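> predicted structure and sequence below. I'll ask about it afterward.
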Amino acid sequence: MREYHIYKIREDVALDYYGMETKLFQLFQENREAKGRLKEATEKQIQYIIQQVNKVEIQDHLNKYLRETEGYIMRDNKHYIMSPKRNSQAGLCIYKMHIKLFSEGSQDSEACFFEALRNYDGTFIAMDFSREQYGWLKPLKSLEIAELSESNKAFK
């Protein structure tokens, strides 16, 4: 089973750390293993760079975005996509400071959740600590380029 912890990173931090996802992952990984003062220090750093997740907004967005997805259901404020035909299933839980995604089988169901979250906000980063995999759900350079082109329009 794959397990992803998904965090909403402050936009200024996300733009500064584009291409340096490894540093963010190392901070979160170190926090998971730390004790004592190191745990306190890394916890403060993490609290500074992440933003609270708006549970109601994300619930609504997921319901609208995934409504037509085969095998999608919402039960007890948890979201599931089960696709036996594709040997894929995934579940998503939204917490105050992060989102947790569990999946088994092929990656089709988890990809649906990632796409829905990417469509909601461009500053999510997903981390699978057991497999040491991590990455932005949306390429931030495209976000930065879009912002620059928007600001350039104001000068025309």
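Perfect, thanks for sending it. Numbers count the residues shown, from 1 in each chain.
> now do the phi/psi pair for Tyr120.
The phi/psi pair for Tyr120 (degrees, to the nearest 10) reads phi -80, psi -40.
> what about it, neighbour count?
Residues lying near Tyr120 (other CB atoms under 10 Å) number 19. The way it works is simple: take the backbone N, C-alpha and C, and place the C-beta from them, glycine included.
> same question for Glu40.
12.
> when you give positions from now on, start the count at 51
Got it, first residue is 51 now, which makes that one Glu90.
> where's it, which helix or strand?
Assigned by DSSP states H and E, Glu90 falls within helix 86-99.
> what's the mean pLDDT across stretch 65-74?
For stretch 65-74, mean pLDDT rounds to 92.
> tell me how far that stretch lies from the chain's centre.
Per CA atoms, centre = their mean, to the nearest Å, the displacement of stretch 65-74 from the mean C-alpha position of its chain is 14 Å.
> flag every buried residue along it.
Buried residues in stretch 65-74, counted by 16 or more other CB atoms under 10 Å: Leu65, Tyr67, Glu71, Leu74.
> in CSV: those, plus secondary structure and distance to Glu90.
Shown next, in CSV, are the buried residues of stretch 65-74 (DSSP: H, G, I helix; E, B strand; the rest coil; distance: CB to CB, whole Å):
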residue, secondary structure, distance to Glu90
Leu65, helix, 27
Tyr67, coil, 22
Glu71, helix, 24
Leu74, helix, 19
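> return the member of the residues you listed nearest to Lys128.
Proximity of those to Lys128 (CB to CB) peaks at Leu74, which lies at 26.4 Å.
> poorly predicted segments of this structure, please.
Within the chain, the segments meeting pLDDT under 70 span 189-206.
> and stretch 152-165, how far apart are its ends?
15 Å (CA to CA, to the nearest Å).
> I should have written stretch 132-143 there, sorry.
One end of stretch 132-143 to the other measures 15 Å (CA to CA).
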